[in-house]
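Visitor: task: produce atomic coordinates for the following.
(one chain, ligands or ions: 1)
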Amino acid sequence: MIERLAVIGVGLIGGSLARALRGAAMVREIIGYGRSLPNLERARELGVIDGFSPDLGKAVEGADLVFVSVPLGAMRGVFEAIRDRLSPRAILTDGGSVKGSVVADAAAAFGRVPSRLVPGHPIAGTERSGVEASFPELFRHRRVILTPLPETDPQALERVEWMWRTCGAEVSRMSVAHHDEVLAATSHLPHMLAFGLVDALARMDETDEIFRYAAGGFRDFTRIASSNPVMWRDICMANREALSAMLARFGVELADLAEGIRRGDGERLLSIFERAKAARDRYVEGAATHPNAAAPQQE
Ligand SMILES: NC(=O)c1ccc[n+]([C@@H]2O[C@H](COP(=O)([O-])OP(=O)(O)OC[C@H]3O[C@@H](n4cnc5c(N)ncnc54)[C@H](OP(=O)(O)O)[C@@H]3O)[C@@H](O)[C@H]2O)c1
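Guide: Have a look, this model is predicted:
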């Protein structure tokens, strides 16, 4: 049981964690923090949190577990504001989409990485944000990656694993650097393609006509371009090395495709498409056996 959970950033991720833990009757009291009062009041009305404080330090006082789910660009400021207000037994964890930046921000704010910090990332989400978008099943049968460091307290790590399992998630562990490389490929690159494609089309003269004739494939492919721009700006800034490397690799692939088309090299195109189809079919078959296969997934 968590006695007092502080959720810093009661949005999609923080709100969903609060709802899931409450639904599982695994938390006694939930205190929220955010900048906008209406969002916090709404969160309380919805029963997502029991109370809130406009003062970050106060919000974490007496909490045995603190979950930080603000955009990555706000992490360091949050760590600095709570540094001297955390109870010594408090476990600090987060849901940020990039782990290297969170660890660096914590080290800068605390003077070293706190042993009771357990960096984490739920691989779940939707393109919507705010507490209204949160729901208790968001993490059910989804993966959560924890990226403990050598100095991470094993008991804190176990506690955070337990918390996510309570929400129905499958927890795995990997290194910070590996996490950021894998996510650059599987999540950050596809978001760049969706944002880039929609922006390019939106700036063409015939925009209205192009969108009028866009079919289901366009809608499916570009759904993630409706995601929160601030969050994605922060992800790009926080993971720029790994993401730049992925974009460069993908640029080579795209140039290869373009060259095949320019030369009218049907054989080349067919072999690329067959290879891609086989890889995706394998992935979809594997995903279809998963209990949460029908639910939308973001990251
Ligand atoms: N959405 C996804 O698919 C997804 C998936 C996995 C991980 N994540 C990560 O989870 C974190 C939260 O994302 P989310 O989707 O839950 O976003 P969200 O729905 O927009 O919620 C973010 C919350 O943080 C608060 N916030 C924003 N800026 C802040 C600041 N400068 N200082 C303090 N609080 C601030 C917001 O409230 P106020 O505006 O009232 O302050 C809001 O309640 C991000 O680090 C993101 O990378 C997101």
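Visitor: so which residues on this structure come close to the ligand?
Guide: Within the chain, the positions near the ligand by C-beta under 6 Å from any ligand atom are 9-14, 34-36, 39, 69-72, 74, 95-97, 121-122, 125, 129-130, 228, 231, 235, 298-299. C-beta coordinates here come from the backbone N, C-alpha and C atoms, glycine included.
Visitor: which residues of the stretch 51-200 of the chain fall in strands?
Guide: 51-52, 65-68, 91-94, 117-118, 120-122, 143-146, 170-173 (DSSP state E, counting those that start in this stretch).
Visitor: other residues contacting the third one?
Guide: Right, strand 91-94. 64-69, 75, 82, 86, 102, 106, 114, 116-120, 156, 159-160, 163 (C-beta atoms under 8 Å, 6 or more residues apart in numbering).
Visitor: same deal with the fourth one?
Guide: Residues outside strand 117-118 that contact it (C-beta under 8 Å, 6+ apart): 91-93, 103, 106, 110, 146, 148, 152, 156-157, 159-160.
Visitor: how far away from the center of its chain is that strand?
Guide: Averaging C-alpha positions (C-alpha atoms, centre = their mean, to the nearest Å) puts strand 117-118 16 Å from its chain's average.
Visitor: all the helices of the stretch 151-299 of the chain, residue numbers only.
Guide: Ranges of helices in the stretch 151-299 of the chain, per DSSP state H, counting those that start in this stretch, are 154-166, 176-183, 189-202, 207-212, 216-222, 229-238, 240-263, 266-288.
Visitor: quick one: those as a markdown table, columns for mean neighbour count too.
Guide: A markdown table is the format used below for these (neighbours: other C-beta atoms under 10 Å):
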| stretch | mean neighbour count |
| --- | --- |
| helix 154-166 | 18 |
| helix 176-183 | 18 |
| helix 189-202 | 15 |
| helix 207-212 | 10 |
| helix 216-222 | 11 |
| helix 229-238 | 18 |
| helix 240-263 | 13 |
| helix 266-288 | 11 |
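Visitor: and these, which one is worst for confidence?
Guide: Across these, helix 207-212 has the smallest mean pLDDT, namely a mean of 77.
Visitor: how about the CA coordinates for it, as CSV?
Guide: Output of helix 207-212 as CSV, limited to C-alpha atoms (Å, rounded to 0.1, in the frame of the first residue of the first chain):
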residue,chain,number,x,y,z
THR,A,207,-4.0,21.7,-48.9
ASP,A,208,-7.8,21.6,-48.7
GLU,A,209,-7.9,19.3,-51.7
ILE,A,210,-5.2,17.1,-50.4
PHE,A,211,-6.8,16.6,-47.1
ARG,A,212,-10.3,16.2,-48.7
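Visitor: report all helices and strands that it contacts.
Guide: helix 189-202 (3 or more C-beta pairs under 8 Å, 6 or more residues apart in numbering; DSSP states H and E).
Visitor: contact partners of the helix it packs on?
Guide: So helix 189-202 is in contact with 207, 210-211, 221-225, 227, 232, 235-236, 243, 246-247, 250, going by C-beta under 8 Å, 6+ apart.
Visitor: do the same with stretch 21-30
Guide: 1-7, 18, 47-51, 136, 163, 166-167.
Visitor: now, which of those residues lie within helices?
Guide: Here DSSP state H is the test, and these give 18, 163, 166 as lying in helices.
Visitor: surely the first one and residue 50 touch.
Guide: In other words, residue 18. No. In this structure residue 18 lies outside contact range of residue 50 using C-beta atoms under 8 Å: 9.5 Å.
Visitor: neighbour count winner among the two?
Guide: residue 18 (28 against 17; other C-beta atoms under 10 Å).
Visitor: ok, the residue positioned nearest the centre of the chain - contacts?
Guide: The residue lying closest to the centre of the chain (C-alpha atoms, centre = their mean) is residue 97, at 4.1 Å. For residue 97, the contacting residues are 72, 121, 183, 187-188, 231, 235, 238-239, 299, by C-beta under 8 Å, 6+ apart.
Visitor: do a quick rundown of the helices in the stretch 1-150 of the chain.
Guide: Under DSSP H, counting those that start in this stretch, the stretch 1-150 of the chain gives helices at 12-23, 37-45, 56-60, 75-82, 99-110.
Visitor: CA atoms only for stretch 20-35 - export them in PDB, please.
Guide: Presented in PDB, the C-alpha positions along stretch 20-35 are these (Å, rounded to 0.1, in the frame of the first residue of the first chain):
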ATOM      1  CA  ALA A  20      -5.100   2.800 -11.800                       C
ATOM      2  CA  LEU A  21      -3.600   2.700  -8.200                       C
ATOM      3  CA  ARG A  22      -6.900   4.000  -6.800                       C
ATOM      4  CA  GLY A  23      -8.800   1.400  -8.700                       C
ATOM      5  CA  ALA A  24      -6.600  -1.300  -7.300                       C
ATOM      6  CA  ALA A  25      -7.100   0.100  -3.800                       C
ATOM      7  CA  MET A  26      -3.300   0.400  -3.400                       C
ATOM      8  CA  VAL A  27      -3.100   4.000  -2.400                       C
ATOM      9  CA  ARG A  28      -4.500   5.800   0.700                       C
ATOM     10  CA  GLU A  29      -4.100   9.500  -0.400                       C
ATOM     11  CA  ILE A  30      -3.100  11.200  -3.600                       C
ATOM     12  CA  ILE A  31      -1.900  14.800  -3.800                       C
ATOM     13  CA  GLY A  32      -1.500  16.500  -7.100                       C
ATOM     14  CA  TYR A  33       0.600  19.400  -8.400                       C
ATOM     15  CA  GLY A  34       0.300  21.400 -11.600                       C
ATOM     16  CA  ARG A  35       0.400  25.000 -12.700                       C
END
